[in-house]
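Colleague: A structural model of the following input is requested.
(one chain, ligands or ions: 1)
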Amino acid sequence: MSEKDSLFGLDAGEQKALLDQLQTANLLGAPKEERKRRDSAAVPERFGKIAELPDYKQIQVQRVVGEKMGILNPFFTCHDTKAKGRTRIGGKEFLNFSTYDYLGLNGHPEVNAAAAAAMKKFGTSAGASRLVAGERPPHAAFERLLAETYGVEDAVIFVSGHATNVSTIATLLGPRDAVYHDALAHNSIIMGAKLSGASRYSYPHNDCEALERMLEQTRSRHERVIIATEGLFSMDGSILKLPEMIALKQRYTCFLMVDEAHSLGVLGATGRGCAEHYGVPATDVDIWMGTLSKTLCGCGGFIAGSAELVELLKFKAAGFVYSVGMPPPIAAASAKALEIMLREPERTQRLQEVSAFFLREAKKRGLNTGYAQGFAIVPVIVGNSLVAGLLAAAMFKRRVNALPIIYPVVEEGMARLRFFLSSEHQEEDILTALDILVEELPKAQAEVA
Ligand SMILES: Cc1ncc(COP(=O)(O)O)c(C=O)c1O
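Modeller: Modelled structure (predicted):
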């Protein structure tokens, strides 16, 4: 046998035995003849059509059912004015419970002025990835302010909140690692876990005992582990049990990642989020994640934590390295919004009062508000997706904009109208909306029954 024919120095018989073994274990893919047969077989035409994709078909089914039931399509409604607690749609004024403008800062004169000044100086684009040629002074200034706000060493901003989670998890973990996430964690956390190739464990919502049982049984199978969860849950308005989570992450040598998308500006006496709400040191959490699209009325996301974490992400996170830098006017606007949040804690306090009022009044009316704790997000769970769609449409006709959240975003049977509160909502706005809801809900239920 020549050198060329020798596979790992095995003779022909040994080579054949090894190849047979690999084939049996399905490690080599289909044998050559079978591959050829498959290659020449006709590929069904549907595999070449977008309209045949299952997700596309599902959208069409929902659209047709909605039309048949006479439900106005609530998605992609164009608003005539900025996202605030009141809005104009088609020239008519609406109460708006579908905005992230938690502290009423969207369009604030100082925020607009900061964006305009940055735009005048730097234009509307960073022009390149920051690593290459996109760095501008508003980037680093904003990151410093974020790190100070959290009381951690450093921070880094990304151009998308969703991409922040995806990129960060995929950078930190690989196939030998694992993510343990809350069953209600945001899609971006799940996507990050999938992209990383790490194993994924979902524990029941906010159930630290169940999480501990999972860690006990499986932690040792993996190298690095992230426990990934939200601070204030975006669909349910419940708050993470942070002290218990910190204890678990310490006991089982994990990283703890908390998504503060809906906590910043909302939780804690001065809006500093979950750590302030519980009075725990922010440094007990390894990875603070947040978005600029809510309280900070911009667009993008951030990670705050140790200097090592931030340095690693700045050089290795694909969503940062291979993506353009944040437009300088957005960085300047969100930094100004953060400055105002810190300067005027009465905005956060007002939001907390308004949210607690909403929850109290909803409960008084016998509505099912699920896990909501009365901080900025309160779902009214109606069960059936059609009921949720009909109810939202009926409320829209009466000038209340509250969007339905239906299957598959939440489980079937858990469809809801989700109310986002703003510090600018008035008590009478809330009473009006809830009274309309209570009148329209039985009608929607009767229509579906
Ligand atoms: C909990 C949570 N994380 C991440 C994101 C993604 O943020 P963005 O919309 O800013 O991309 C969202 C979006 O709403 C969210 O609710």
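Colleague: list the helices and strands whichever strand or helix holds residue 120 packs on?
Modeller: In this structure, residue 120 sits in helix 109-122 according to DSSP states H and E. Helix 109-122 sits against helix 328-343, with contacts defined as 3 or more C-beta pairs under 8 Å, 6 or more residues apart in numbering; DSSP states H and E. To be clear about C-beta, it is placed using only N, CA and C from the backbone, and glycine gets the same treatment.
Colleague: so how far is residue 226 from whichever residue of the stretch 51-200 of the chain sits closest to the ligand?
Modeller: Ranking the residues of the stretch 51-200 of the chain by distance to the ligand (C-beta to the nearest ligand atom) places residue 161 first, at 2.4 Å. Here residue 161 is placed at a distance of 18 Å from residue 226 (C-beta to C-beta, to the nearest Å).
Colleague: and residue 247, by the same measure?
Modeller: For residue 247, the distance to residue 226 equals 16 Å [C-beta to C-beta].
Colleague: model confidence over the helix holding residue 120, on average?
Modeller: When pLDDT is averaged along helix 109-122, the result is 98.
Colleague: okay, strands next: where are they in this structure?
Modeller: Assigned strands in the chain, in chain order: 86-89, 92-96, 154-158, 178-182, 199-203, 225-230, 255-259, 287-291, 301-305, 377-383, 400-401, 404-405, 415-420 (criterion: DSSP state E).
Colleague: and the ones you listed as CSV, adding mean pLDDT, mean neighbour count and distance to the ligand?
Modeller: Formatted as CSV, the strands of the chain follow (pLDDT from 0 to 100; neighbours: other C-beta atoms under 10 Å; distance: least, C-beta to the nearest ligand atom, whole Å):
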stretch, mean pLDDT, mean neighbour count, distance to the ligand
strand 86-89, 96, 17, 18
strand 92-96, 97, 18, 16
strand 154-158, 98, 24, 9
strand 178-182, 98, 25, 11
strand 199-203, 98, 18, 16
strand 225-230, 98, 26, 5
strand 255-259, 98, 24, 5
strand 287-291, 98, 28, 4
strand 301-305, 98, 27, 6
strand 377-383, 97, 23, 9
strand 400-401, 98, 22, 17
strand 404-405, 94, 21, 12
strand 415-420, 97, 26, 10
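Colleague: list the contacts of the helix holding residue 120.
Modeller: With contacts defined as C-beta atoms under 8 Å, 6 or more residues apart in numbering, helix 109-122 is touched by 105, 136, 138, 297, 328-333, 335-337, 340.
Colleague: can you rerun that using 7 Å?
Modeller: For helix 109-122, contacts defined as C-beta atoms under 7 Å, 6 or more residues apart in numbering pick out 105, 136, 138, 297, 328-329, 332-333, 336-337, 340.
Colleague: cool, stretch 236-251 as well?
Modeller: Counting by C-beta under 7 Å, 6+ apart, stretch 236-251 makes contact with 184, 206, 208, 211-212, 215, 227, 229-232, 255-256, 258, 267, 274, 277-278, 280, 284, 370-373, 375, 377-379, all of which sit outside it.
Colleague: and what of stretch 52-69?
Modeller: For stretch 52-69, the external contacting residues (C-beta under 7 Å, 6+ apart) are 46, 50, 73, 386, 389-390.
Colleague: quick one on the thing from earlier: okay, now the residue of the stretch 51-200 of the chain closest to the ligand: neighbour count?
Modeller: Counted with other C-beta atoms under 10 Å, residues neighbouring residue 161 total 23.
Colleague: do I have it right that it meets residue 261?
Modeller: Yes. Using C-beta atoms under 7 Å, residue 161 makes contact with residue 261 at a distance of 6.2 Å.
Colleague: between those two, what contacts are shared?
Modeller: The contact lists of residue 161 and residue 261 share residue 291, where a contact means C-beta under 7 Å, 6+ apart.
Colleague: just to revisit the earlier point, need the buried ones from the contacts of stretch 52-69 selected in PyMOL.
Modeller: Buried residues among those (16 or more other C-beta atoms under 10 Å), as a PyMOL selection:
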select buried, resi 386+389+390
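Colleague: least confident pick among the contacts of stretch 52-69?
Modeller: residue 73 (78).
Colleague: once you drop chain neighbours, what's closest to residue 368?
Modeller: Nearest residue to residue 368 in three dimensions, chain neighbours excluded: residue 381, at 4.4 Å (C-beta to C-beta, 6 or more residues apart in numbering).
Colleague: what's around residue 407, how many residues?
Modeller: When neighbours are counted by other C-beta under 10 Å, residue 407 registers 15.
Colleague: next, the contact list for residue 125, please.
Modeller: By C-beta under 7 Å, 6+ apart, the contact set of residue 125 is residue 327.
Colleague: kindly report the same for the one 4 residues further on.
Modeller: With contacts taken as C-beta under 7 Å, 6+ apart, residue 129 has the following neighbours: 321-325.
Colleague: which residues of the stretch 151-300 of the chain lie near the ligand?
Modeller: Neighbours of the ligand within the stretch 151-300 of the chain, by C-beta under 6 Å from any ligand atom: 160-162, 165, 186, 188, 230, 234, 259, 261-262, 291, 293.
Colleague: of those, closest to residue 396?
Modeller: Lowest distance from residue 396 to these (C-beta to C-beta) belongs to residue 234, with 21.8 Å.
Colleague: wait, the closest one sits on residue 261?
Modeller: Yes. Taking C-beta under 7 Å as the definition, residue 234 is a contact partner of residue 261 at 6.5 Å.
Colleague: the more surrounded of the two?
Modeller: Taking other C-beta under 10 Å, residue 234 and residue 261 do not tie; residue 261 has more neighbours (26 against 21).
Colleague: so the more buried one makes contact with residue 232?
Modeller: No. Using C-beta under 7 Å, residue 261 is not in contact with residue 232; the gap is 8.1 Å.
Colleague: can you tell me if stretch 105-119 touches the ligand.
Modeller: No. Between stretch 105-119 and the ligand, judged by C-beta under 6 Å from any ligand atom, nothing touches; the nearest distance is 13.7 Å.
Colleague: show me which residues of that stretch are buried.
Modeller: Along stretch 105-119, these residues count as buried under the neighbour rule (16+ other C-beta under 10 Å): 105-106, 108, 111-112, 114-115, 117-119.
Colleague: please report how far residue 221 lies from the ligand.
Modeller: To the ligand, residue 221 is 28 Å away according to C-beta to the nearest ligand atom, to the nearest Å.
Colleague: how many other residues sit next to that residue?
Modeller: With other C-beta under 10 Å as criterion, residue 221 counts 10.
Colleague: quick one: contacts for it?
Modeller: Not one residue lies near residue 221 by C-beta under 7 Å, 6+ apart.
Colleague: adjust the sequence numbering to begin at 58 for everything that follows.
Modeller: Done: numbering now begins at 58, and the last item shifts to residue 278.
Colleague: so what's it scoring on pLDDT?
Modeller: pLDDT for residue 278: 98.
Colleague: same check on the one 10 residues further on?
Modeller: Per-residue confidence at residue 288 stands at 98 (pLDDT).
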